[in-house]
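S.K.: how does the following fold in three dimensions:
(one chain, ligands or ions: 1)
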Amino acid sequence: MLKPLDRYPEAQLAAGRSALPVTLIGGFLGAGKTTLLNSLLTQGDGRRLAVLVNDFGELNIDARLIVKIEGQQVELANGCICCSIRDDLVAGVETLLASDPAPEQLLIETSGVSDPINILCTLNQSKLRRRIFLENVVTVVDAVHALDARASEYAGLFERQVRGAYMIVLNRAGAAGAERLRELREAIGGLLPGAAIIETEDGTAPLALLLGDTRVGQSAFRPEPVPDPRSHPFASMVWRSDRPLQRAEFMRTMKALSDRVYRAKGFVNFRHYPLATLYQKVGSFESCIDGGAWGRTRPHSELVLIGLNSAFDRQRIGLALDACTDSVARPASGLVDGP
Ligand SMILES: Nc1nc2c(ncn2[C@@H]2O[C@H](COP(=O)(O)OP(=O)(O)OP(=O)(O)O)[C@@H](O)[C@H]2O)c(=O)[nH]1
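M.R.: Coordinates of the predicted model:
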């Protein structure tokens, strides 16, 4: 049997060309894509990695959360690489291909609303077609929240993300419980029979497994036609303020906004706290961790918020957050509409 990391040169020879292997990491909003990517980057295997990250919102928070690597990194924000910013995807990959020294592996983290099949079609139909080689398509599934997707407006997106994968990473497996995991495996099996499924907590999958020979590797991109680019029902906004946030009020407000805001992330400035705080929300899960010193940057808050189009009232969300700041007398915040 081939050792997992020996597999790529074999595949490259079989493909009869010298091409950059690409691994796509997709999955729904907050499923754990960045966490998985960081785990892979931290493990490393000696190859020079290039990373392309796409955030759906106007700010690319992920780019600030990804661990530093030796190789190159390109960040794309303000749209989704599967539909609205396809040209940017192709240009981003081109930039990475041209970097010196040349990368030996490209990892693309898609936005949480991306359809992997659509991305593969874009790459397949681009001038890059012969310069890259599809190594793996990994879809990260949030084991706690994913079953809710089946009865939601984004059920179709969930299905396409699973069907488009070569390998499924079931993240937050510990918190999901055995019964939910069983049900989820069954649902995934129905969409992608025989899928290779790895259960993880905090995205800690062995690098060798993701690049290894347990998946059914593909030597060519998929030829299917590009589906309707308007098919995902999500909207985003950025909320900013220079005024300190009252922490308890902010946490209460974010909870109250749960029916409209599914995903939120960003760095915030809590009153009486000297450091930045990285705030993250995925469904009902929230976390606040140390976001580092402000350094020369003036303390401020900057949050990306994403929710279903049908319930996403930007003005109301903005006003609710404004009301959590120290003084509402001075209008210092700015609202920016996302895609
Ligand atoms: N409890 C728990 N939290 C997790 C796990 N994996 C990720 N998280 C947290 O969930 C939040 C979202 O994780 P990310 O890795 O940023 O998710 P993502 O899929 O990249 O999110 P988007 O790119 O915004 O769609 C972060 O606060 C993570 O620390 C896990 O296995 N268990």
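
S.K.: residue 180: how many residues sit nearby?
M.R.: Applying the criterion other CB atoms under 10 Å, we find 17 residues in the vicinity of residue 180. C-betas here are computed from N, CA, C, even on glycine.

S.K.: mind starting the numbering at 682 from now?
M.R.: Renumbered: residue one is now 682, and that last one reads residue 861.

S.K.: for it, grab phi and psi.
M.R.: In terms of degrees, to the nearest 10, the main-chain angles of residue 861 are phi -60, psi -40.

S.K.: quick check: it touching residue 828?
M.R.: Yes: at 6.5 Å, residue 861 counts as touching residue 828 under the criterion of CB atoms under 8 Å.

S.K.: I'd say residue 807 and residue 773 touch.
M.R.: No: if you go by CB under 8 Å, residue 807 and residue 773 don't touch, sitting 11.3 Å apart.

S.K.: who's more crowded, the two?
M.R.: Neighbour count, other CB under 10 Å: between residue 807 and residue 773, residue 773 has more, with 22 against 18.

S.K.: list, one by one, the residues from this protein near the ligand.
M.R.: The interface of the chain toward the ligand, taken as CB under 6 Å from any ligand atom, is made up of 708, 710-716, 743, 793, 852-853, 856, 882-884, 944, 946, 961, 963, 968.

S.K.: next step: these restricted to helices.
M.R.: Among the residues of the chain next to the ligand, the members found in helices (DSSP state H) are 714, 715, 716, 743, 856.

S.K.: selecting buried members of these in ChimeraX, what would you type?
M.R.: Under the burial definition 16 or more other CB atoms under 10 Å, those of these that qualify are selected in ChimeraX by:
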select :714,715,716,743
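
S.K.: now, the most widely separated pair of the ones in helices among the residues of the chain next to the ligand?
M.R.: Pairwise distances across those peak at 22.0 Å for 743 and 856 (criterion: CB to CB).

S.K.: contacts for the host helix or strand of residue 983, please.
M.R.: Counting by DSSP states H and E, the element that carries residue 983 is strand 982-989. Surrounding strand 982-989, the residues in contact under the criterion CB atoms under 8 Å, 6 or more residues apart in numbering are 710, 736-740, 742, 793-794, 833-835, 914-922, 926, 941-950, 960, 998, 1002, 1006, 1019.

S.K.: mind checking how far it is from the chain centre?
M.R.: Centroid displacement of strand 982-989 relative to its chain, using CA atoms, centre = their mean, to the nearest Å, is 14 Å.

S.K.: what strands line up against it, and which way round?
M.R.: Here strand 982-989 is paired, per DSSP bridges, with strand 915-922 (antiparallel), strand 944-949 (antiparallel).

S.K.: sec struct for the closest residue to residue 771 other than its chain neighbours, please.
M.R.: Among residues not flanking residue 771 along the chain, residue 807 sits closest, at 4.6 Å (CB to CB, 6 or more residues apart in numbering). The three-state assignment at residue 807 reads coil, by DSSP: H, G, I helix; E, B strand; the rest coil.
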